[in-house]
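Engineer: Mind folding the following:
(3 chains)
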Amino acid sequence: MHQLWLIPGLPLVGFFLLVLGHGRFTRSLARLIGVGSIAIAALITLWVALDFYSPGAAQTYQVELWPWLTAGELEVSFGLYLDGLSLSMLFVVTGVGSLIHWYASGYMWQDPDYQRFFAYMNLFVAAMLMLVLADNLVLLFLGWEGVGVCSFLLIGFWYQDPANGYAARKAFIVTRVGDTAFAIGLFLLYRELGTLDLPSIMVLAPEKFVVGANQPTLIATLLLAGAVGKSAQLPLHIWLPDAMAGPTPVSALIHAATMVTAGVYLIARTHGVFLQAPDVLLAVAFIGLFTLLISGFTALNQTDIKRVLAYSTMSQIGYMFFALGVGAWSESIFHLMTHALFKALLFMTAGSIILALHHEQDIRLMGGLRRQLPVPFWCFVIGSACLVALPPTSGFFSKEAILNASWQLPVYGPWFWAGGVLGAFITAIYSFRLLFLVFFGAEKVQPHEPKGWQFHPPLIILATLSLVAGWFVLPTGDVLPSSPAGHPPMWTIVVAIGLPLLGIGIAYQVYVRHKWQGLRLAHWQRLRQFWFQGFGFDGLYRRLFLTPFTSLAQVNRNDIIDGLPTLLIQLSRFLHRLFSQLQNGQLRAYIATLASAAIIILALAISTVGK
Amino acid sequence: MDNQYIDHAIILAGILFCLGLVGVMVRRNLLFMMISIEVMLNASALAFIAAGSAWNQAEGQIMFLAVITLGAAEVAVGLGLTLLLFRHHNSVDVDQLNKLRG
Amino acid sequence: MQLLGIIISLLGGGVLALMTGHRSPVASRWLSLASLLVASMFYTSLWLDSTHSLSTSLWTMHTDWPWIERFGIHLLLATDGLSLVLIGLTLVLGYVALLSAWHEINHRCGLFYLNFLFTLAGVVGVFSALDLFLFFVFWEVMLVPMFLIIAIWGHENRRFAATKFFIYTQASSLLMLAAMVGLVLLNQQQTGLWSFSWFTLTQTDTSGSMGMWLMLGFYVAFLVKLPGLPVHNWLPDAHTQAPTPGSILLAGILLKTGAYGLLRFVWPLFPDAALAFAPIAMGLGVLSVLYAAKLAFAQNDLKRLIAYTSISHMGFVSLGIFAWNHLSLQGTVMQMVGHGLSSAGLFAIAGLLQQRLHTRALDQMGGLWALMPKLATLSMVFALATLGLPGLANFIGEFMILLGVFQIEPWAASLAALAMILAPVYALVIMQKGFFGMAVGDKTKALDLNARELLMLGLLVVSLVLLGFWPNLIFTVTAAPVDSLMHLGKGG
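Structural biologist: The predicted structure follows:
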């Protein structure tokens, strides 16, 4: 396990090479460095995992690379920490990451800024790995902000279009709102526990905090705010759909598989604190549920293929939050893993379609592509089946586990379960609506499918993994608390499988056979518009925060406090003008003034002496 | 000199001083202004002499000598400046010599 | 003697540069560089000596020569870890400013380098003078040349800006002088001895209302220099109008003298008064942070925008100093260094852009990434440093300040943390308007960085990254001085 530092180290080295060699490397060399560093990191992950699983090995491994911050009582190390949870995340980040890099090396081949793209991507992976491997919260925050910046850079990768820059800034600033709360949470945590070291927090939190007391509740709320921002959950979810402005491999890597799930990881990582704050855990579940439903409804009538997938990502991360909230910790991480696989698959497939159609993303202009693009078609079918959780795909296993756990929850259990199942039903409708609109129906365009070793193999590998990942066992059991025991009644499972099938059926009737047209949202314009705009959150925030801030900034552009010295300047100018009138250069006037002043003074003197 | 004459002498000095002052104020010709100043100086010198003799003090005469010296210096410098001004501007009218106006 | 070596080589270099300047501007440049190099050699030797004896002695005494015996004024120069770090920053930024002046300053070169090196010498003196009178002398020594730099080599509205700068700083330093004399008199009444020595005066009993008034005199002087709300107005004008090396010196170093003054004088000399005043000072700090961040967002002039970000960052310094615990003070030192490096970088970039595009207006830029990828990438790094990205020095400073402040005033820290949201708002505006988007107008003549410029900015980036990952380089040096200051400031 001593090679652990190489895992984030290699992508970082790749980044530095690509930046320093700017404009000097050939494309092939840039590709070799960019993809190779991640691939080797993935291999080292495997090696480390073998060590980790070998009998007799310690279940956790902590190493301090160097002392980072040492000031008074505060000691923060630049250290790595490996346990079952971080190992699971390592698999996702390096495994899915290297497949996406592989794919991206073909997808971006024509781009003039090929090298810059891979520099950013490598930096992203390095930061994400730091986030996952950090042994303390400050270092985790470093990775956290690092991925945020890379996300900013990659969303705005095609910088010529101001809209992309706007989307990038929106993503960065909205997540930064959450990050700020996260940072304040760290300050509070340090004040209460006197440490930011993750293993120590896990030990100290249950000792020092009373369950449901103010401090753990406040800390957990602040950490949750950070997680909500990063993972695009309500109410800080508005940046993710716009983030689709970036290149598609970026959407696959950052905005589907890895970065957006960092919030889930954070909550799982600090579960010691969250367990002391049951109210906040309940809030996590509610946030997850609302996000999963609202973004599901929004996805129902989007027209941009990537936006549908973006809303679906939000919805699936909602499932993960939901799982965390109901106490299904390991299941949540399991869903994170399966989702990373099938959502990356869906995005990359979408990327192939977009490339085949010359950067056309509007699904209304697609149709009948299943014959021309057979490989993407089948990959998309597999991805959608996972998304909808059809047995026996991986999505089925992870989602079933979550729904079962939610049923067990006292008081709210069945309601949560019902909400989750409703979400699954909507998921089925929108994902198969997308599938049917793109691949079935009349052929509207003539695609030119990108072929080659960079396009199909990663897709096929991911598709295979998505199918079989349900049988994987993640080593999170020792790290995270176990989910509620017991089995829900049989009928719940039947319903949970049946409803998605019904959803697929409805989508088939409406979009392939063109029946039941009354169900089409096109007939309910106002509702459609409302859903289309994501329940109006953007407009609300614009009115609440953006407009007041910008107008205030414009009004006070010249700093009213500057008025004070300016006033002083004007006063002395005025006096200057007043008195310079007297200095008229008339010698006789001066003398007259002098004489009259002398007379007045004399008169005064004489009159006072006289008394 | 008797004390009674001091009043007369001071009144004379006052009248001379006022005449000089009026002269400075109303004349525009620099030369005449200087003459008026000379009158004022001498008026004050007269007051010194009168006061000195009234109290039998020598300081009055000393001050007179100082005033005469001052007057001579003033005339010397003043006339020199007037001459230069006349050469430069072809005029000794103070109302036109106001280039130093603020 | 190394410290004297630094000051004398800078002063001497300045005089030599003036003498050669009218004959050969090139020679005066190289002479300035040489004098900086000599100063750096002295500094390296000083650093090695001091860090070697770090565990045994806090202070390194350099000179203690009597000067005006009658009032107990000495030429007392001494350095501790804090001075050492700040002098190091001064020299590093001296190189950066010199490199940025290389081709920008074309007329009266000799005089420029004289002023430039005298400012540096004054700043070094300020950071090492432990006699209050001597401190005041150096304080003035650094002001006048700076005034001349703005007034002679500045941009279109330079006279106004220079005068404003001069009046603000002169008026405030008069206050400081008065407070200084008051303090010395107070000490003389208590002990019967005349002394301007910092070591003696820290023993003076300054409790009571007199102490409060004297403290306010110092505080206002340093607040103007820092600058903090509501006396910050000289800074945007001065920064905007100063030539690039002037802006670098101003933002990078001169502002730090205000922070240094608060650290070195206000708390240790007036512990009770400072403690009583701390809530107000922290409130002003929070206001500075947020208000200036908001103002920065609305600016169109690039240099003015950067100037307002400086005010915002200096608000953190004010906040950290008045929280007065180990974390916040260490954070403050880091913030001073980090801000010095990052704002110097941003001003250097503004200068480079102005040279190439002949404008500072952001709406006249745009699309520069394609034309100058190197410049754009480096700008990105500085913008990220400004917004407090972890891994760069500024984050360490801000994080530790907020962490320290939170232990004392959670609300102040939480409010100031809102700057984490506002900072990307203004920092990314620079990137968006300047470098993203399509190019406005004909900019094909704009060239990317040459080797000299790359060296200048690279030096800053390397320092920022180095301190972002190994902040202990500084913390180990400043830990002991900060502790002893804290002890004095607690009034024991």
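Engineer: from here on, contacts and neighbour counts on C-alpha atoms
Structural biologist: OK.
Engineer: Please name the residues that touch A:Ala57.
Structural biologist: A:Ala57 makes contacts with A:Asp51, as judged by CA atoms under 8 Å, 6 or more residues apart in numbering or on different chains.
Engineer: Look up phi and psi at it.
Structural biologist: phi -80, psi 150 (degrees, to the nearest 10).
Engineer: next one: C:Pro243
Structural biologist: Note on C:Pro243: its backbone torsions stand at phi -70, psi 160 [degrees, to the nearest 10].
Engineer: A:Glu75 should be in a helix, yeah?
Structural biologist: No: the assignment for A:Glu75 (DSSP: H, G, I helix; E, B strand; the rest coil) gives strand, which keeps it out of a helix.
Engineer: Would you confirm that it contacts A:Leu69?
Structural biologist: Yes: in this structure, A:Glu75 is within contact of A:Leu69 by CA atoms under 8 Å, at 5.8 Å.
Engineer: Spell out which parts of the stretch 301-450 of chain C neighbour chain A.
Structural biologist: Taking CA under 8 Å from any CA of the partner chain as the criterion, the neighbours of chain A within the stretch 301-450 of chain C are C:326-327, C:330, C:367, C:389-391, C:402-403, C:406-407, C:414, C:417-418, C:420-421, C:424-425, C:428, C:432, C:436-438.
Engineer: Now with 6 Å, please.
Structural biologist: Neighbours of chain A within the stretch 301-450 of chain C, by CA under 6 Å from any CA of the partner chain: C:390, C:403, C:421, C:436-438.
Engineer: Please check those and keep the buried ones.
Structural biologist: Burial by neighbour count, 16 or more other CA atoms under 10 Å in any protein chain shown: within those this picks out C:390, C:403, C:421, C:436-438.
Engineer: okay, A:Glu75 and A:Leu69: which has more neighbours?
Structural biologist: A:Leu69 (22 against 15; other CA atoms under 10 Å in any protein chain shown).
Engineer: you'd agree that one is up against A:Val76?
Structural biologist: Yes: judged on CA atoms under 6 Å, A:Leu69 makes contact with A:Val76 at a distance of 4.9 Å.
Engineer: State the pair within the residues of the stretch 301-450 of chain C next to chain A that is farthest apart.
Structural biologist: C:Leu403 and C:Met438 (41.4 Å; CA to CA).
Engineer: so what's in contact with A:Glu75 and A:Leu69 at the same time?
Structural biologist: Shared contacts of A:Glu75 and A:Leu69, defined by CA atoms under 6 Å, 6 or more residues apart in numbering or on different chains, are absent.
Engineer: Return the distance of the nearest residue to C:Ala278 once chain neighbours are set aside relative to C:Leu132.
Structural biologist: In this structure, C:Ala278 finds its nearest non-sequential neighbour in C:Phe322, 5.3 Å apart by CA to CA, 6 or more residues apart in numbering or on different chains. Noted for C:Phe322: a distance of 22 Å to C:Leu132, by CA to CA, to the nearest Å.
Engineer: cool, C:Gly217 as well?
Structural biologist: 14 Å.
Engineer: Any regions of the stretch 451-600 of chain A where pLDDT drops low?
Structural biologist: In the predicted model, the stretch 451-600 of chain A carries pLDDT under 70 at residues A:517-523.
Engineer: and it, which of its residues are near chain C?
Structural biologist: So the stretch 451-600 of chain A meets chain C at A:553-554, A:557, A:562 (CA under 6 Å from any CA).
Engineer: Isn't A:Val388 up against A:Tyr430?
Structural biologist: No: A:Val388 is not in contact with A:Tyr430 according to CA under 6 Å; the separation is 9.6 Å.
Engineer: Please identify the helix or strand for residue 281.
Structural biologist: Just going to use chain A. helix A:278-299 (DSSP states H and E).
Engineer: Wait, chain C was what I had in mind.
Structural biologist: Applying DSSP H and E, one finds C:Ala281 within helix C:271-298.
Engineer: Likewise for B:Val77?
Structural biologist: Going by DSSP H and E, B:Val77 is in helix B:59-89.
Engineer: picking up where we left off before, ok, how many other residues are close to the residue nearest to C:Ala278?
Structural biologist: For C:Phe322, the neighbour count with other CA under 10 Å is 26.
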